[in-house]
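[1] Task: produce atomic coordinates for the following.
(one chain, ligands or ions: 1)
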Amino acid sequence: MPLRLYSSLSRDQREFQTVRPGEVRMYVCGVTPYDVTHLGHAFSYVQFDTLRRYLLSLGYRVHYVQNVTDIDDDMIMVSRRQGGRAIAEIRDENDAIFRADLDRLNVLRPTAYPRATDHIADIVETTAALIRAGHAYEVGGDVFFETTTFPRYGALNGVTPAELAARENPESKREHKKRGPLDFLLWQTTAADEPSWPSPWGPGRPGWSIECTAMSVAHLGKQIDIHGGGRDLVFPHHENEIAQAECATGLVPFCRFWLHNGMLRLEGVKMSKSLGNLVLACELMRTVPPDHLRLYLLSTHYRVDADYTAEALPTVASRFDRLRLAVTGASGGRASERLDAAFRARMDDDLDTPGALDLLDMAATRVLAGTAEAGEQKSLRTALATLGFGFAGARGPANGSFEP
Ligand SMILES: [Zn+2]
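    Residues are numbered from 1 along each chain as shown. Model (predicted):
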């Protein structure tokens with residue numbers, strides 16, 4: 001069976017096929033580095049790292065791009081709160097913590113890690129192209145995308161524009177200037193204390209969603225295979241990205257597979273900065289080994305909204321110890337075709353990591369009891385390496401750019 005992935009756009013599992021044979025172009029929305037990494041981020045990036053590792057194990061070359069949103073409302077808000085501290089300084093401080101957290105979780109580094117502020121020229125060019133093509137308009141230095149010019153607007157969310165318009169929308173700035181309620185900013189005028197760049201519409205800064213479209217096209221080309229991110233980005237961010245990219249390039253689809261991870265909750269409530277219920281990855285890893293945390297995160301399917309419970313962590317420790325013990329001393333020789341195929345079957349089913357881990361637990365039990373068939377220990381080790389565990393020989397984070 002080939003790999004099948006669930007795409008939010010088609011709303012079903014489809015056989016994975018790439019634009020170019022043997023190559024995967026994958027873009028995952030990065031963080032806005034105005035604060036440190038919480039467990040929800042760790043969940044998302046460990047899951048997409050595992051997908052990337054699985055694709056590598058299938059023999060694909062994987063181009064994995066993850067952006068840094070270093071200019072937006074949140075960055076400006078934090079800079080103001082800190083007495084006008086330079087945004088670049090806030091970015092670098094939080095980004096260093098974020099990257100260190102992901103390194104410890106053995107997340108491979110992206111093949112490209114672009115910053116929005118390094119792509120202002122691409123953003124201005126894309127915005128100008130959208131105006132020329134009749135998909136965007138300028139009002140007093142602000143440029144809006146006109147969503148009614150894109151008939152598929154709403155397709156990713158599977159609802160009509162009228163239903164979308166009724167939703168809460170972080171893009172609802174400058175309502176009085178817009179032609180339609182769902183129109184969103186591609187370029188915006190700035191206040192005196194905000195960073196700004198020159199443009200054909202006067203000094204300003206980019207809108208939010210245009211940043212990702214410009215960086216995706218700049219680094220991966222006009223059509224990509226996988227776009228990943230948290231489910232909270234489906235509207236409006238990813239809906240906007242499709243509209244911008246397909247109208248600017250004229251190519252459909254912009255992306256073949258839209259993958260969205262579930263939201264991690266704390267006692268039933270989504271973890272978020274605004275609710276003040278964050279569990280920080282760096283704090284948790286003071287007491288929990290990063291490999292244990294990785295195992296804990298992969299015990300949940302990436303699309304599931306899961307509850308984080310501290311009580312589950314001791315169970316993870318014993319599960320981890322058994323798996324590690326079972327592959328200790330694994331040597332060369334042949335693998336178990338049966339175990340390899342069973343592991344692939346779970347992973348091919350929309351990356352069923354919980355199912356794959358259950359299977360590996362059973363194999364570990366057989367290895368430890370001395371009842372395993374030939375090659376099972378080797379296959380177990382290979383599978384655990386594919387899931388990104390350093391003790392099983394998984395490639396380390398700094399080797400992210402390595403391609404087979
Ligand atoms: Zn994005």
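[2] Touching, V36 and D95? I think so.
    No: V36 lies out of contact with D95 (Cβ atoms under 8 Å); the separation is 9.9 Å. (C-beta placed from N, C-alpha, C; glycine too.)
[3] tell me which parts of the stretch 201-350 of the chain are close to the ion?
    Neighbours of the ion within the stretch 201-350 of the chain, by Cβ under 5 Å from the ion: C212.
[4] quick one, strands of the stretch 201-350 of the chain?
    205-206, 224-230, 255-261, 265-266, 269-270, 307-308 (DSSP state E, counting those that start in this stretch).
[5] The fourth one pairs with which strands?
    The reference is to strand 265-266. strand 269-270 (antiparallel), strand 307-308 (parallel) (DSSP bridges).
[6] Distance from it to the middle of the chain?
    Once both centres are worked out by Cα atoms, centre = their mean, to the nearest Å, strand 265-266 turns out to sit 19 Å from its chain's centre.
[7] outside of that strand, which residues touch it?
    Applying Cβ atoms under 8 Å, 6 or more residues apart in numbering, the contact partners of strand 265-266 are M271, N277, V279, D305, A306, D307, Y308.
[8] please redo it, this time with the cut-off set to 6 Å
    N277, D307, Y308 (Cβ atoms under 6 Å, 6 or more residues apart in numbering).
[9] What count of nearby residues applies to the residue nearest to E373 when sequence neighbours are not counted?
    Using Cβ to Cβ, 6 or more residues apart in numbering and skipping the chain neighbours, the partner closest in space to E373 is S336 (6.0 Å). S336 has 20 neighbouring residues, counting by other Cβ atoms under 10 Å.
[10] one step back: what's the closest of the strands of the stretch 201-350 of the chain to D101?
    Closest approach to D101 among the strands of the stretch 201-350 of the chain (Cβ to Cβ): strand 307-308, 15.5 Å.
[11] ok so, going back, distance to G158, mean neighbour count and mean pLDDT for the strands paired with strand 265-266 - can I get that in CSV?
    Below are these laid out as CSV (distance: least, Cβ to Cβ, whole Å; neighbours: other Cβ atoms under 10 Å; pLDDT from 0 to 100):
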stretch, distance to G158, mean neighbour count, mean pLDDT
strand 269-270, 21, 14, 83
strand 307-308, 26, 17, 91
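[12] Which one of these lies nearest to G154?
    strand 269-270 (23.3 Å).
[13] Can you tell me how far the residue lying closest to V124 once chain neighbours are set aside is from the ion?
    Among residues not flanking V124 along the chain, S199 sits closest, at 5.1 Å (Cβ to Cβ, 6+ apart). Going from S199 to the ion by Cβ to the ion, to the nearest Å gives 21 Å.
[14] for the ion, what are the nearby residues on the stretch 1-150 of the chain?
    The stretch 1-150 of the chain has residues C29 near the ion, with proximity defined as Cβ under 5 Å from the ion.
[15] residues in contact with the residue in the stretch 1-150 of the chain that the ion sits nearest to?
    Nearest residue of the stretch 1-150 of the chain to the ion: C29, at 3.3 Å (Cβ to the ion). Contact analysis of C29 by Cβ under 6 Å, 6+ apart lists G229, L233.
[16] Tell me where the model's unsure across the stretch 201-350 of the chain.
    Scanning the stretch 201-350 of the chain for pLDDT under 70 picks out nothing.
[17] ranges for the helices of it?
    Ranges of helices within the stretch 201-350 of the chain are 209-220, 239-249, 281-284, 290-298, 313-327, 337-348, based on DSSP state H, counting those that start in this stretch.
[18] Now render these as CSV, adding mean neighbour count.
    Shown next, in CSV, are those (neighbours: other Cβ atoms under 10 Å):
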stretch, mean neighbour count
helix 209-220, 25
helix 239-249, 24
helix 281-284, 19
helix 290-298, 22
helix 313-327, 16
helix 337-348, 18
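[19] Using TSV, please lay out these together with distance to A369.
    Below are the helices of the stretch 201-350 of the chain laid out as TSV (distance: least, Cβ to Cβ, whole Å):
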stretch	distance to A369
helix 209-220	47
helix 239-249	51
helix 281-284	33
helix 290-298	21
helix 313-327	10
helix 337-348	15
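[20] Excluding chain neighbours, what is closest to F150?
    Looking at F150 with Cβ to Cβ, 6+ apart, the closest residue is A243, at 4.4 Å.
[21] How many residues are close by the nearest residue in space to M271 that is not next to it in sequence?
    Computed as Cβ to Cβ, 6+ apart, the closest residue to M271 that is not its neighbour in sequence is G40, at 4.7 Å. Counted by other Cβ under 10 Å, the residues lying close to G40 total 24.
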